[in-house]
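A.B. asks: fold the stuff below for me.
(one chain, ligands or ions: 1)
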Amino acid sequence: MRALVLEKKLELSVRDIELPTDVGRSDLKIVIHTVGVCGSDVHYYTHGGIGAYIVKAPMVLGHEGAGTVVQVGADVASLRIGDRVCMEPGVPNLASRASKLGIYNVDPAVTFWATPPVHGILTSHVVHPAAFTYTLPDNVSFAEGAMVEPFAIGMQAASRARIVPGDVAAVIGAGPIGIMVALAALSGGCSRVFIADFAQEKLAIAGRYPGITAINIRGETLASAVARHTNGWGADVVFEASGSAKAYKDIFSIVRPGGAVVLIGLPVETAAFDVPGAIAREVRIETVFRYANMFERALNLIASGNVDLKPLITGTFDFEDSIKAFERAAQGLPTDVKLQIRLPQDLG
Ligand SMILES: [Zn+2]
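C.D. replies: Residues are numbered from 1 along each chain as shown. All right, here's what the predicted structure looks like:
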């Protein structure tokens, strides 16, 4: 099968590669339509690894996908040939202790697309369990379907925050995940979401959404902007979505007493934080690792029209130009939020 293969650090090729094709009793075969380029895909390309996950053998990239079901395993009742779907890239062991607790995202046995040594989905078709495949409502496009995966992280963060209607939230970082978090926080009931970054272009994209106030931290700190709006009380929820260790320095000066700080971004280096500052406010600290049970909720919100992710798709490439898409993503243009790759459709 032709695929976009990361041969090793900084070396991509579009070539044939052998991939699993056996459709098990609970599986589907899906022709891939659209795949989003994720920061993690780009990081494997530019660095050859993320933390303990090192690319040691050629690996197909891509994990944010939507497509069409073309074959259905004998035991699958929930989906049919021709269904338009999006897929959850992480598959846990359903008999595991974590899965039984409903926290399958932290099952140590989870396999996740485009995380070494598991291949991703920038190829013509994949085999995937029906249990982790979701029907796209008629008014949700394949491009939007491929946005569900990153949006699910925002949904997980908003859920962890335990938002109460009317809450004021603050998001550190206006990258793709920061914007997803802000949108999920708004649909979760926040009255206003501040989002902070130093890249004006990113802030301009985020600030176009009603309810989101963009703060350029070159001009004013997020803590002082939030304090000004809340009479010095602070934000009910602070989301850390920048992944910068520096963000931890004064994070507890943004949150209100008794509020929550939700950690999403992954700092490369160890981050130190102000424990007395957290204790003095009795801050609740939550962490987010991917998501569990969020895809259907995300699709419901997109289909309802309450969340519009289309403006975040800032470039679409043909599969044959996949390498160009990755080169552009690696540049990290502040005007780009999400680049997508569209695959040729052979449903026969
Ligand atoms: Zn992703």
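A.B. asks: residues contacting stretch 72-85, please?
C.D. replies: Residues from elsewhere that reach stretch 72-85 (C-beta atoms under 8 Å, 6 or more residues apart in numbering): 23-30, 33, 66-71, 130, 133-136, 142, 145. Using the backbone N, CA and C atoms, a C-beta is placed for each residue, glycine as well.
A.B. asks: hmm, the helix or strand of the chain with the lowest mean pLDDT touching the ion?
C.D. replies: Taking mean pLDDT, DSSP states H and E as the measure, the helices and strands of the chain show their lowest mean at strand 49-50, namely a mean of 92. No: for strand 49-50, no contact with the ion is found by C-beta under 5 Å from the ion; the gap never falls below 11.7 Å.
A.B. asks: strand partners (parallel or antiparallel) of that strand?
C.D. replies: Strands flanking strand 49-50 in the sheet, each with its direction: strand 53-54 (antiparallel) (DSSP bridges).
A.B. asks: how near is residue 215 to the ion?
C.D. replies: With distances defined as C-beta to the ion, to the nearest Å, the gap from residue 215 to the ion amounts to 25 Å.
A.B. asks: same check, this time on residue 141
C.D. replies: If you measure residue 141 against the ion using C-beta to the ion, the figure is 18 Å.
A.B. asks: three-state assignment of the closest residue to the ion within the stretch 201-348 of the chain?
C.D. replies: Each residue of the stretch 201-348 of the chain has a distance to the ion, by C-beta to the ion, and the smallest belongs to residue 290, at 8.8 Å. Three-state assignment for residue 290 (DSSP: H, G, I helix; E, B strand; the rest coil): coil.
A.B. asks: work out the gap between stretch 9-23 and the centre of the chain.
C.D. replies: In terms of C-alpha atoms, centre = their mean, to the nearest Å, the gap separating the centre of stretch 9-23 from the centre of its chain is 23 Å.
A.B. asks: please apply the same query to stretch 155-170.
C.D. replies: Mean-position distance between stretch 155-170 and its chain equals 17 Å (C-alpha atoms, centre = their mean).
A.B. asks: buried residues, it. List them.
C.D. replies: Of the residues in stretch 155-170, those buried under the neighbour-count criterion (16 or more other C-beta atoms under 10 Å) are 155-161, 163, 167-170.
A.B. asks: contacts for that stretch next, please.
C.D. replies: By C-beta under 8 Å, 6+ apart, the surrounding residues in contact with stretch 155-170 are 105, 181-182, 184-185, 187-196, 222, 226, 229-230, 235-239, 241, 254-255, 260, 262, 264, 286-288, 290-292, 294, 297-298, 301.
A.B. asks: tell me if it is near the ion.
C.D. replies: No: on the criterion C-beta under 5 Å from the ion, stretch 155-170 is out of touch with the ion, staying 12.4 Å away.
A.B. asks: which positions in the stretch 51-200 of the chain make contact with the ion?
C.D. replies: Within the stretch 51-200 of the chain, the positions lying close to the ion (C-beta under 5 Å from the ion) are residue 64.
A.B. asks: so where do the strands sit in the stretch 51-200 of the chain?
C.D. replies: Assigned by DSSP state E, counting those that start in this stretch, the stretch 51-200 of the chain shows strands spanning 53-54, 59-60, 64-72, 84-87, 90-91, 111-112, 125-129, 133-135, 168-172, 192-197.
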